[in-house]
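>>> Sequence below, structure please.
(3 chains)
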Amino acid sequence: MNRTHAVDMEPAARAAELRARIEDANHRYHVLDDPDIPDAEYDRLMRELVALETAHPELVTPDSPTQRVGAAPSGAFATVRHEIPMLSLGNAFSDAEVEEFERRIEQRLEVRDPLFSVEPKFDGLAISLRYDDGMFVRGATRGDGEKGEEVTPNLRTIKAIPLKLRGKGWPRVLEVRGEVYMPRAGFERYNEKARASEGRIKPLVNPRNAAAGSLRQLDPRITAQRPLAFYAYALGVVEGGELPATHSATLKKLREWGFPVSELVDTARGAAGCLAYYARIGAQRDALPFDIDGVVYKLDDLAGQRELGFVGRTPRWAIAHKFPAQEQQTTVEAIDVNIGRTGAATPTARLAPVFVGGVTVTNATLHNADQVARLDVRVGDTVIVRRAGDVIPEVVRVIPEHRPPHAKPWQMPAHCPICGSDIVREEGEVVARCTGELTCAAQRVQAIFHFAARRAMDIDGLGERYIEDLGELGYVTSVADLYKLRLDDLLEMKRRADERDGTTPAHLLKSGVKAGKVATKWAENLIEAIGHSRRTTLERFLYALGIEHVGESTAKALAVWFGDLALIRHLPWPILKLVPDIGGEVARAIDAFFQQPGNQKVIDDLIARGVTIIDMHAPSAKLRAELAMASVLEQAEIPKLTAKRAEQVAAAFDSIGAMLKADAVALAGAGLPRDTADAVQAFIVTHDGRDLLLRCEHAVEQLRAATAGAAAIETGPLEGSTVVLTGTLSGLTRDEAKAKLEALGAKVAGSVSKKTSFVVAGESAGSKLDKARELGVEIWDEERLLAFFIGHPT
DNA sequence: ACACCTCGAGGTCG
DNA sequence: CTCGAGGTGT
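So this is what the prediction gives:
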């Protein structure tokens, strides 16, 4: 069933279709305890049907699912009739709907800003408990709201449910309603046991179904093994006793009588108060020990409740305000392959747009071919989509029943969709790669995009689109070409691109601005940004080159350690490997990159076109490099080259690289006597540069030990601590915070581990904060961080 | 085994 | 800004 076609259908036909689907879902959910569609999808269908029936009242049939709440109970348990039906609540999904809810109450009761009793909406199973003379006598599931199943023996196993009331003053007959649920911890523990049992115990799908399934066990001993809990939230039949006049007071009474009532229940004034409560609970949601799918607002005044009454079976005095669904159902329209900077071919699912967890999702990464195979996702499939950690959209699973008949398993294409080169997956690797390297337009674009990135060369205004245009129209084939672009080139390019696309952006036409003028501004800005980027640091430059395995952190290590591009670009890998945190794999990758003549040429071109490295680390690192070189020269026992002279030579050149290229004249210019200069040059000529650099290895290694000691001396208050930043900081940017922390000696890492000293949590911090809590890592808020900075100026 | 880094991806907001 | 997979380093 494809819902993209649904809107085109006749209302009557659509209503019939909706009914059939909802009834089917009801059956699977309530009778079989084996739901086949997510709750959100069910809600959506139901809302659509309600809307349809509201618009066309003549379409309402007696058997419509809107005319009742659930499906018939299964025959396995005795049926219990609820003398007072168990309610179902109307749903609100937006602030506007909550305000509308309040407005209706205000109008009908002629009150202002009514007081609401507010509580979390537990994701479990509603039940009803009957107490005669204070003794628990019978318990039942909600069923369809009218009739439920008697599950008294199972309920008796739940320790949160009192078998005998406490305190005093309870009515002779008391029916208490609430929710049976499975706390997350219990759910996890149970599933761990299930996994360990290797198939003997079936793992539970989710806490909600777990609660439902557990209560419907025919053998209460099985129920007893399930970690179930209970919260009370309402009353049913009450005979022979006085009750308070408000819902909140009723809940208090229930607590006194021994029922668990959530700590999170509260009261709130008006829609504004309710919305504030919604935000407050929503913020805590992930940290709660149980699942909730929203909050419930109930008019606190019971007399008011009676006056408002019901529409059908839903009360006018209460509403459930649901959180955005975290899982949704949609269809896969295509599976595309993206080619990354390194050629990595990543499959991505293009989805029919769907609203999940508060945002519209149209794409979901499938990571790699293995993942696609694991899920068996095919084009045309109906899938469940979730936002992992509430952020990154991912495909959870496919619904095989909805698979179109001729869908074929997906396969990684054999050739790059951009350049046609072979896509190859190396033995033992997970990622498949396009082998086109820089002949592949996609890789070129990505390489330039990376080069221009804020944390690399920081060329503002150079987006992916323009890079594509510049490349396709032949203006830029390597990053070095960026620095020979002139204003005219950009304008010409823009004009040709617009001609090719046959478009001038619509909003420009509308606003009446001359497109040429906008293009001029863009071109001017870009030229200026490129100009700015010419002055950069060594670590940014190295990072920008996009060497495999060289990210920011490795680039910085290289910069700090060697301090000199001319040196680094000629270093053999065994020397590179001396740097802490650089191992054989990375060292070889760097070596291999610089061995490519094309890459060396790009670097030469960049320098020739004005890229200058202003290196903050140079002095100490350069000194180290000089000393290393000097000691190699010394040990070479070159005639007449004393230790002092060797140091003099090393110091006279900007870099070792420059020195290695020096001829006798230049050496003499550095102050060496002519014969010594000749001898040194002879030495340099007989050993090629790489060989000489290799000879530095020993010297560098010794220096490394020395520097390690020196680093420990320049100690800050946070020396030796590892800090992780998460969430949004308001007073300063992340980069500023990072810089300051580093200045104080801290190491700023990207992920939380037990070695983390503390986590700084800003606004809307995510999973890293959870992880920190889990590991018991100290957590700082922004205020504390700022206070610390004030206490420890840099 | 564990910690950390790289690389790629998606969505929002100004 | 964030997540997750896959790798590398030690």
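>>> what's near enough to touch the closest residue to A:Gly304 other than its chain neighbours?
Nearest residue to A:Gly304, sequence neighbours excluded (CB to CB, 6 or more residues apart in numbering): A:Leu109, at 5.5 Å. Using the backbone N, CA and C atoms, a C-beta is placed for each residue, glycine as well. Neighbouring residues of A:Leu109 by CB atoms under 8 Å, 6 or more residues apart in numbering: A:304, A:307-308.
>>> Can you select the buried ones among these for me in ChimeraX?
Per 16 or more other CB atoms under 10 Å, the buried members of those correspond to this ChimeraX selection:
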select /A:304,308
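>>> from the contacts of A:Leu109, which is closest to DNA strand B?
For those, the minimum distance to DNA strand B (CB to the nearest atom of the strand) is 34.9 Å, reached by A:Leu308.
>>> Next one, pLDDT for that closest one please.
At A:Leu308, the model reports a pLDDT of 87.
>>> Give me the phi and psi for it.
Phi and psi for A:Leu308, reported as degrees, to the nearest 10, are phi -70, psi -40.
>>> I'd assumed A:Arg316 was in contact with it.
Yes: using CB atoms under 8 Å, A:Leu308 is in contact with A:Arg316, at 4.1 Å.
>>> Helix, strand, or coil at the closest residue to A:Gly380 other than its chain neighbours?
For A:Gly380, ignoring the flanking residues on the chain, the nearest one in space by CB to CB, 6+ apart is A:Pro404 at 4.3 Å. Under DSSP: H, G, I helix; E, B strand; the rest coil, A:Pro404 falls in the coil class.
>>> so A:Pro404 touches A:Val332, yeah?
No: with contact defined as CB under 8 Å, A:Pro404 does not count as touching A:Val332 (10.4 Å).
>>> neighbour-wise, which of those two wins?
Taking other CB atoms under 10 Å, A:Pro404 and A:Val332 do not tie; A:Val332 has more neighbours (23 against 12).
>>> Report the mean confidence score over the host helix or strand of the more buried one.
For A:Val332, the enclosing helix or strand under DSSP states H and E is strand A:327-339. Across strand A:327-339, pLDDT averages out at 88.
>>> Equivalent analysis for stretch A:227-241, please.
In this model, stretch A:227-241 has a mean pLDDT of 88.
>>> How about stretch A:182-200?
Averaged across stretch A:182-200, pLDDT comes to 75.
>>> same check, this time on stretch A:393-409
Average pLDDT, stretch A:393-409: 85.
>>> So which bits of stretch A:272-284 are buried?
Using 16+ other CB under 10 Å as the test for burial, stretch A:272-284 gives A:273-275, A:277-278, A:281-282.
>>> and the single nearest residue of the stretch 1-150 of chain A relative to DNA strand C, how many neighbours?
For the stretch 1-150 of chain A and DNA strand C, the shortest gap (CB to the nearest atom of the strand) falls at A:Pro38, measuring 18.2 Å. By other CB under 10 Å, the residues close to A:Pro38 number 19.
>>> what do you get for the one 4 residues further on?
A:Tyr42 is surrounded by 19 other residues when neighbours are defined as other CB under 10 Å.
>>> Give me the secondary structure label for it.
What three-state DSSP gives for A:Tyr42 is helix.
>>> Spatially nearest residue to it (excluding sequence neighbours)?
Nearest to A:Tyr42 is A:Ala25, by CB to CB, 6+ apart, at 5.4 Å.
>>> Could you verify my assumption that the one you found touches A:Ala40?
No: A:Ala25 lies out of contact with A:Ala40 (CB under 8 Å); the separation is 12.0 Å.
>>> From A:Val431, how far out is the residue nearest to A:Gly380?
29 Å (CB to CB, to the nearest Å).
>>> do the same with A:Ala544
The value you get for A:Ala544 to A:Val431, if CB to CB is used, is 23 Å.
>>> A:Leu243 is in contact with A:Thr250, correct?
Yes: with contact defined as CB under 8 Å, A:Thr250 reaches A:Leu243; the gap is 6.3 Å.
>>> what does the stretch 451-600 of chain A have sitting close to DNA strand B?
Remark: the part of the stretch 451-600 of chain A in contact with DNA strand B comprises A:546-555, A:581, using CB under 7 Å from any atom of the strand.
>>> how about A:Ser248, what does it touch?
Counting by CB under 8 Å, 6+ apart, A:Ser248 has contacts A:117, A:265, A:267, A:300.
>>> In terms of helix, strand or coil, where does A:Gly380 fall?
coil.
>>> Tell me where the stretch 1-150 of chain A is predicted with low confidence.
Within the stretch 1-150 of chain A, the stretches with pLDDT under 70 are A:1-9, A:23-24, A:26-35, A:39, A:61-76.
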